[in-house]
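# please work out how this folds:
(2 chains)
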Number of protein chains: 2
Amino acid sequence: MTQNEVFQYSTMSALMAGIASHGAAISSVLEHGDHGLGTFRNLDGEMIVLDGAVYQMKSDGSVVAIESPADVITPFATVTRFKATANAKTAVGSKEDLLDLLSRLFPSARNHFVAIRIDGVFKSVNVRTAGGQQSPRESATGVANRQKVNTFRSVRGTVFGFRAPDYFMGINVAGIHIHFISDDRKEGGHILALESEGEVDVAAAQLSKFHLELPTGDDDFNEAELAPDAKGIAAVEG
Amino acid sequence: MTQNEVFQYSTMSALMAGIASHGAAISSVLEHGDHGLGTFRNLDGEMIVLDGAVYQMKSDGSVVAIESPADVITPFATVTRFKATANAKTAVGSKEDLLDLLSRLFPSARNHFVAIRIDGVFKSVNVRTAGGQQSPRESATGVANRQKVNTFRSVRGTVFGFRAPDYFMGINVAGIHIHFISDDRKEGGHILALESEGEVDVAAAQLSKFHLELPTGDDDFNEAELAPDAKGIAAVEG
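I've put the predicted structure just below:
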């Protein structure tokens, strides 16, 4: 795969339906991208991929560097071989600010994916981390009811994620979906809200090709009702 | 791309919104598949791709073999490098029969794509052929109101198409979407109904990877509201 294409394993609807017992080896996902996000088997934490390195951000507050990606499974991940085509140095007060910025940087990408990376210091980053399923097939909404929410203050770190077009809701998450990890690799999670401390470095790229690999040999995936649940996905992943 | 993966250019929602003035050279689509279906610039007829050959089936009843695929544009096409992994010799009375057959042949593909090819004699094949937009951005529903409907009887020919999972509605067409061309390459179109004359040869394959290429540099595509219109798509493409 060339630069700035989306590769995704499984679908957000499947994750919502709790299809998270099996998946792809993370090493196979990394063949398609060096930046991205996702989750782990049984929804045990949040994944961020930066410069080819993979981190698991858990609800107990710990962050684990995945040293053997061939041995770790992901039931859902979205990655890209990221190469910024637009940059900005700007203050960011909210996710809405980011959406506005991306619309300005990529006026012709309304119906395309955009990847975004931000490096800098943040006054506050509000994240959640999924704490894992209590039983197989527990829905993501059920898991979200027990998610850990944390706010990191005056923290230097990196944000990475995607803005997906509305019509991808169900397969991906419509709108912006971003994860965070601190520079010291000790804190992170799925971003609910963020505010930069002054200007931060924003790098982004428009992505016009989307590659989806669906789980095979997985009875749970085969049996799942994968109708898009826009409201549920927005509640859990928005 | 390896065998039995889906490659698609643009989305069904874009086609519904009448985004059909620009597109990809058919030659570039053929790099990803030797069997498939689609349409032509301005929704001028139905496309079928069989063994690497491309045909345009027009509403005036003519069928044109596309001899220079680099010079012809498609605004929407779905193709695969088709290699059957299951075969059946059976009578087919309807599209519902085909859906039942595919469910039996691929019990673990409920949430996957399936490609299907049928060769044989048909007692009747009822098709429609789109007659083209009367103005740029005319919706597919508008074009469908003027579509030509034909029934071919006792005709030998080939059916090719896809069954897409429900959750792909909008990006593709949920359910079965098949085109037909006669052996003499003189008749064909988008199948509304079909009935085989005795047994026909059915060949099919499950497809677990989906590659989508979105139009770039196309203001029409960028501006389009691509919310899935399940009802409209089912009416026009079902």
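
# give me the secondary structure label for A:Asp220.
State at A:Asp220, reduced to three classes by DSSP: H, G, I helix; E, B strand; the rest coil: helix.

# and it, what pLDDT?
Here the pLDDT value assigned to A:Asp220 is 94.

# then A:Gln8?
Looking at A:Gln8, the pLDDT reads 98.

# is stretch A:65-79 positioned near chain B?
No: using Cβ under 8 Å from any Cβ of the partner chain, stretch A:65-79 stays clear of chain B, coming no nearer than 13.6 Å. (Glycine included, C-beta is placed from N, CA and C.)

# span of that stretch from start to end?
Start and end residues of stretch A:65-79 are separated by 17 Å (Cα to Cα, to the nearest Å).

# do the same with stretch A:107-116
Stretch A:107-116 end-to-end distance (Cα to Cα) = 15 Å.

# again with stretch A:160-169
End-to-end span of stretch A:160-169 (Cα to Cα): 19 Å.

# could you give the number of residues near A:Ala88?
17 (other Cβ atoms under 10 Å in any protein chain shown).

# how about the secondary structure of it?
Under three-state DSSP, the three-state class of A:Ala88 is strand.

# quick one, what contacts it?
Taking Cβ atoms under 8 Å, 6 or more residues apart in numbering or on different chains, we find A:Ala88 in contact with A:101, A:105, A:201-202, A:204.

# what does the pLDDT read for the closest residue to A:Thr80 other than its chain neighbours?
Nearest non-adjacent residue to A:Thr80, counting by Cβ to Cβ, 6 or more residues apart in numbering or on different chains: A:Gly33, 4.6 Å away. Note for A:Gly33: predicted pLDDT of 98.

# so what's A:Gly33 up against?
The contact partners of A:Gly33, by Cβ under 8 Å, 6+ apart, come to A:1, A:7, A:49, A:79-82.

# from chain B, how far out is it?
Taking Cβ to the nearest Cβ, to the nearest Å as the measure, A:Gly33 falls 15 Å from chain B.

# and that residue, backbone torsions?
phi -170, psi 160 (degrees, to the nearest 10).

# quick revisit: now the buried members of the contacts of A:Ala88.
In those, burial by neighbour count holds for A:101, A:105, A:202, A:204, counting by 16 or more other Cβ atoms under 10 Å in any protein chain shown.

# correct me, but the first one touches A:Val202?
What it means is A:Leu101. Yes: assessed by Cβ atoms under 8 Å, A:Leu101 is found in contact with A:Val202 at 6.5 Å.

# tell me which stretches of chain A form helices.
Taking DSSP state H as the test, the helices found in chain A are A:12-16, A:26-30, A:95-105, A:140-144, A:219-223, A:230-237.

# would a markdown table of these with distance to chain B be doable?
Listed next are the helices of chain A as a markdown table, based on distance: least, Cβ to the nearest Cβ, whole Å:
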| stretch | distance to chain B |
| --- | --- |
| helix A:12-16 | 6 |
| helix A:26-30 | 12 |
| helix A:95-105 | 11 |
| helix A:140-144 | 15 |
| helix A:219-223 | 5 |
| helix A:230-237 | 10 |
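
# picking that back up, which members of the contacts of A:Gly33 are classed as buried?
Among those, those classed as buried by 16+ other Cβ under 10 Å are A:7, A:49, A:79-82.

# now, which of those sits nearest A:Val155?
A:Val49 (19.5 Å; Cβ to Cβ).

# could you measure from the closest one over to chain B?
A:Val49 is 20 Å from chain B, by Cβ to the nearest Cβ.

# equivalent analysis for A:Val79, please.
With Cβ to the nearest Cβ as the criterion, A:Val79 and chain B are 15 Å apart.

# just A:Ile66 next, same as before
Using Cβ to the nearest Cβ, A:Ile66 is found at 24 Å from chain B.

# pLDDT added to the contacts of A:Ala88, as TSV?
Formatted as TSV, these follow (pLDDT from 0 to 100):
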residue	pLDDT
A:Leu101	98
A:Leu105	98
A:Asp201	98
A:Val202	98
A:Ala204	98
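
# quick check: residues of chain A near chain B?
A:11, A:13-14, A:107-112, A:165-168, A:170-171, A:208-217, A:219, A:221-224, A:226-228.

# now the buried members of those residues.
Neighbour counting by 16+ other Cβ under 10 Å classes A:11, A:13-14, A:109-112, A:165, A:167-168, A:170-171, A:208-215, A:221-222, A:224, A:226, A:228 among the residues of chain A next to chain B as buried.

# want to throw the contacts of A:Ala88 into a markdown table with distance to B:Gly23?
Compiled in a markdown table, the contacts of A:Ala88 are given as follows (distance: Cβ to Cβ, whole Å):
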| residue | distance to B:Gly23 |
| --- | --- |
| A:Leu101 | 30 |
| A:Leu105 | 26 |
| A:Asp201 | 37 |
| A:Val202 | 33 |
| A:Ala204 | 27 |
